[in-house]
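Asker: I'll drop the sequence and a predicted model, then ask my questions.
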Amino acid sequence: MSSTKRDFNLFYPTPTALLRELTTDRPDKTESPYTVDAGHYQIELDLLNYGYARQKIGGTEHTTENFAIAPINFKVGLLNNVDLQVIAEMYNLQRTSDRAAHTRESISGFGDVTIRLKTNFWGNDRGKTAFGVMPFVKIPTNQHGLGNRAVEGGIIFPLALKLPRDFDFGAMTEVDYLRNEKSSGYHEEFINSITISHSIVGRLSGYVEFFSSASAERDADWIGTFDFGFTYGVTSNVQLDAGLNVGLTQGADDLNPFVGLSVRY
């Protein structure tokens, strides 16, 4: 694209004719290095997200179910290569069951809010590679014990490559600074993921992904998942998606299906 795109900003929006192809940070877990065009808005949300985990604690089997309804990522393009994102967990329901004791506990309410600022270093409008950086901070706004009531943050480095035969490759490295679960203080968490996507037919595309999260906290479980899903471009500004994340390690949810929607204005 012409370098004149650098002149556009939040108050001087990019003309429709110069908008880049709709790109989202969902449905896979690997973030995108591409930003929302200056002066435009994008909403990305799960219509429904369900997580199921079963594990044995002290010889007793426990199951945990998590329902997230309409968690939203609201984005606004500040500059041609910078966007601001506000993620709000609108309604969460967590249900824990102890099969031996025949008990069930449920908590629900508003979750946390995360603020992210993405900057694209290159490849936003042209080229076979793109790279960016996205620092973030989590604000503990959750209700009824749905979070740890701690301010946390981190930084994400997303990379995208266009491969032969129209395959798209994405990778992400992330370092989080999180509150300890079993003691006071904080620890680092190291996240890496890779994803490959390709058009299937028409506006329908699919992806597969491997996700890994390793914590520096003592005795913490490693989390690994195999993820796959589909996207469908309804229009140039509307995208539907659905997917399933499958836990590969004890620390991961066993199953995590979801359906979602992304809209650009």
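Answerer: Here it is on my side, so go on.
Asker: what about the helices in the chain?
Answerer: For the chain, no helices are identified by DSSP state H.
Asker: Okay, now the unreliable bits of it?
Answerer: Residue ranges of the chain with pLDDT under 70: 1-3, 57-59.
Asker: Chain neighbours aside, what residue packs nearest to the spatially most central residue of it?
Answerer: Taking Cα atoms, centre = their mean as the criterion, residue 29 is the residue nearest the geometric centre of the chain, at 4.7 Å. Excluding its sequence neighbours, the residue lying closest to residue 29 (Cβ to Cβ, 6 or more residues apart in numbering) is residue 211, at 5.0 Å. All C-beta atoms are positioned from the backbone trio N, CA, C, and that covers glycine.
Asker: gap between the one you found and residue 223?
Answerer: Per Cβ to Cβ, to the nearest Å, residue 211 is found 8 Å from residue 223.
Asker: With residue 135 instead?
Answerer: Taking Cβ to Cβ, one finds residue 135 at 22 Å from residue 223.
Asker: Of these two, give the one with the bigger neighbour count.
Answerer: The neighbour count for residue 135 versus residue 223, taken as other Cβ atoms under 10 Å, is higher for residue 223 (19 against 13).
Asker: In the sheet, which residues pair with that one? Tell me.
Answerer: Per DSSP bridges, residues listed as beta-bridge partners of residue 223: residue 213.
Asker: surely it meets residue 256?
Answerer: No - between residue 223 and residue 256 there is no contact under Cβ atoms under 8 Å: 11.5 Å.
Asker: Now for those two: what residues contact both?
Answerer: residue 247 (Cβ atoms under 8 Å, 6 or more residues apart in numbering).
Asker: burial measure for residue 126, as a count.
Answerer: 9.
Asker: My error: substitute residue 17 in the last question.
Answerer: Using other Cβ under 10 Å: residue 17 sits among 5 other residues.
Asker: before we move on, what about residue 163?
Answerer: Count around residue 163 with other Cβ under 10 Å applied: 12.
Asker: ok, now the one 3 residues further on?
Answerer: Residue 166 sits with 9 neighbouring residues when counted by other Cβ under 10 Å.
Asker: follow-up on the earlier one: so the residue nearest to residue 29 makes contact with residue 170?
Answerer: No - if you go by Cβ under 8 Å, residue 211 and residue 170 don't touch, sitting 11.5 Å apart.
Asker: Can you give me the buried ones in stretch 232-241?
Answerer: Neighbour-count burial for stretch 232-241 flags 233, 239, 240, 241 (criterion: 16 or more other Cβ atoms under 10 Å).
Asker: Same check on stretch 184-201?
Answerer: Buried, per 16+ other Cβ under 10 Å, within stretch 184-201: 186, 187, 189, 191, 193, 194, 195, 196, 197.
Asker: residue contacts, the first one?
Answerer: Counting by Cβ under 8 Å, 6+ apart, residue 186 makes contact with 152, 177, 178, 179, 180.
Asker: Against residue 218, how distant is the last one?
Answerer: Look at residue 180 and residue 218: by Cβ to Cβ, they are 9 Å apart.
Asker: quick one, which of these two is more surrounded?
Answerer: Per other Cβ under 10 Å, whichever of residue 180 and residue 218 has more neighbours is residue 180, with 16 against 9.
Asker: Isn't that one up against residue 215?
Answerer: No - the pair residue 180 / residue 215 is not scored as a contact, 9.5 Å apart, by Cβ under 8 Å.
Asker: Overlap of the contact sets of those two?
Answerer: What both residue 180 and residue 215 touch, as defined by Cβ under 8 Å, 6+ apart, is the set residue 187.
Asker: quick one: residue 72 from residue 259, how far?
Answerer: For residue 72 relative to residue 259 (Cβ to Cβ), the value is 14 Å.
Asker: can you pull out the strands in the stretch 101-250 of the chain?
Answerer: For the stretch 101-250 of the chain, the strands defined by DSSP state E, counting those that start in this stretch cover 103-109, 113-122, 129-139, 152-162, 168-179, 186-201, 204-215, 223-235, 238-247.
Asker: No further questions, thank you.
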